[in-house]
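Novice: need a structure here:
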Amino acid sequence: MTQCKATIKTGRQCFNIALNGKDFCHVHKNKSKHEYAVAGAAGAILGNLFVPGFGGIVGGALAGVVGKTLFREEESVKKRVFVSFDFDNDRKLKDFIIGQSRNVDSPFEVVDHSLKEAAPERNWETKAAQAIARSEIVIVMVGPETHRAHGVLKEVKMARSRDKKIVQVIGYKDGNYTAVPGAGRLYRWSWENLKKLLS
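Specialist: Numbers count the residues shown, from 1 in each chain. Just a heads-up that it's a prediction; the model follows:
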C-alpha cells in the first residue's frame with residue numbers, strides 16, 4: 001500500500017491510499033494526466049519560442065513531459081515518516097518535527113503522527129497500525145515521560161512487528177531522558193543528525 005502523491009488544498013499530502021500500481025487515489029486519479037498535459041503544453045510553447053515551427057513544438061512538449069517525470073521522481077525520494085510522541089506531555093514536539101519536514105532540504109515528510117492517547121477513539125490502534133504500515137520510518141520524539149506512555153509503547157510494538165526502522169530523538173535541549181524500550185538508540189535532536197538518520 002502506498003499513499004496518494006497528490007497535494008490537497010491545505011498544502012499537505014493526501015492521506016488516501018493510492019490505487020493499485022498507481023501514484024494517486026480514486027479522488028486524484030486524473031491528476032497525473034492533467035499535470036503531464038500542462039507540462040507538455042508549457043514545453044511546446046517554450047519550444048516554439050526558441051525553435052519556431054513543428055519541430056520546436058514537439059521537442060518542447062517532449063522536454064516538458066520528461067522534465068515533469070524527473071521532477072516527480074525527485075519528489076518521491078523523501079522518506080515517509082510516522083511520528084510517535086507522548087500526547088499528554090509533548091504535543092509541541094510534533095509541531096516542531098512537522099516544521100522541519102517542510103524544509104527545502106528535508107529528506108523526509110510526515111505522513112501521519114501519533115493518535116490521541118488522552119481520549120482515544122475505539123479503533124485508534126487499527127488507525128495507528130495502518131498509518132505505521134504506510135510509513136518507511138517511525139520517529140519517536142522523546143520527552144521526560146515518553147518511555148512510560150502507553151500509546152508510544154504500543155506504536156513502537158506495531159512498528160517492530162512490521163519491521164519498520166525506528167529512530168528515537170530527544171525532543172528537548174536539557175535534561176536526562178530514558179530511551180523507549182525496544183525503539184533502539186537514543187539520539188540528540190539536531191537538523192544534521194535528523195537528516196543523516198532519515199536519509
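
Novice: low-confidence stretches in the protein?
Specialist: Residues of the chain that meet the criterion pLDDT under 70 lie in 1-3, 6-21, 24-51, 55-77, 112-122, 199.

Novice: care to break it down by domain?
Specialist: Taking automatic domain parsing as the reference, the chain has its domains at 1-77, 79-198.

Novice: may I have stretch 151-169 as CSV, with CA atoms only?
Specialist: In CSV, the C-alpha atoms belonging to stretch 151-169 read as follows (Å, rounded to 0.1, in the frame of the first residue of the first chain):
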residue,chain,number,x,y,z
GLY,A,151,0.3,4.8,23.2
VAL,A,152,4.0,5.2,22.3
LEU,A,153,4.8,1.8,23.6
LYS,A,154,2.0,0.3,21.5
GLU,A,155,3.1,2.2,18.4
VAL,A,156,6.7,1.0,18.8
LYS,A,157,5.5,-2.6,19.1
MET,A,158,3.4,-2.1,15.9
ALA,A,159,6.4,-0.7,14.1
ARG,A,160,8.7,-3.6,15.2
SER,A,161,6.1,-6.2,14.2
ARG,A,162,6.2,-4.6,10.7
ASP,A,163,10.0,-4.4,10.5
LYS,A,164,9.9,-0.6,10.3
LYS,A,165,13.1,1.4,11.1
ILE,A,166,12.6,3.2,14.4
VAL,A,167,14.6,6.3,15.3
GLN,A,168,14.5,7.9,18.8
VAL,A,169,15.2,11.6,19.1
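
Novice: list the contacts of it.
Specialist: Residues from elsewhere that reach stretch 151-169 (Cβ atoms under 8 Å, 6 or more residues apart in numbering): 82, 84-87, 114-115, 117, 120, 124-125, 128-129, 132-133, 135-142, 146, 179-189, 193-194, 197-198. Heads up, the C-betas are built off the backbone N, CA and C, glycines and all.

Novice: report the buried residues of it.
Specialist: Under the neighbour-count criterion of 16 or more other Cβ atoms under 10 Å, stretch 151-169 has 151-156, 158-159, 164, 166-169 buried.

Novice: helix, strand, or coil at Ile139?
Specialist: Judged by DSSP: H, G, I helix; E, B strand; the rest coil, the three-state class of Ile139 is strand.

Novice: against Arg188, how distant is Ile98?
Specialist: 19 Å (Cβ to Cβ, to the nearest Å).

Novice: neighbour count: those two, which is higher?
Specialist: Set Ile98 next to Arg188 and count neighbours by other Cβ atoms under 10 Å: Ile98 wins out with 15 against 10.

Novice: right, and the more buried one touches Val110 too?
Specialist: Yes. The pair Ile98 / Val110 is scored as a contact, 5.1 Å apart, by Cβ atoms under 8 Å.

Novice: now do the shared contacts for these two.
Specialist: Common neighbours of Ile98 and Val110 (Cβ under 8 Å, 6+ apart) are Val83.

Novice: secondary structure element for the residue lying closest to Trp189 once chain neighbours are set aside?
Specialist: Spatial nearest neighbour of Trp189, chain neighbours left out: Val169 (4.7 Å); criterion: Cβ to Cβ, 6 or more residues apart in numbering. Assigned by DSSP states H and E, Val169 belongs to strand 165-170.
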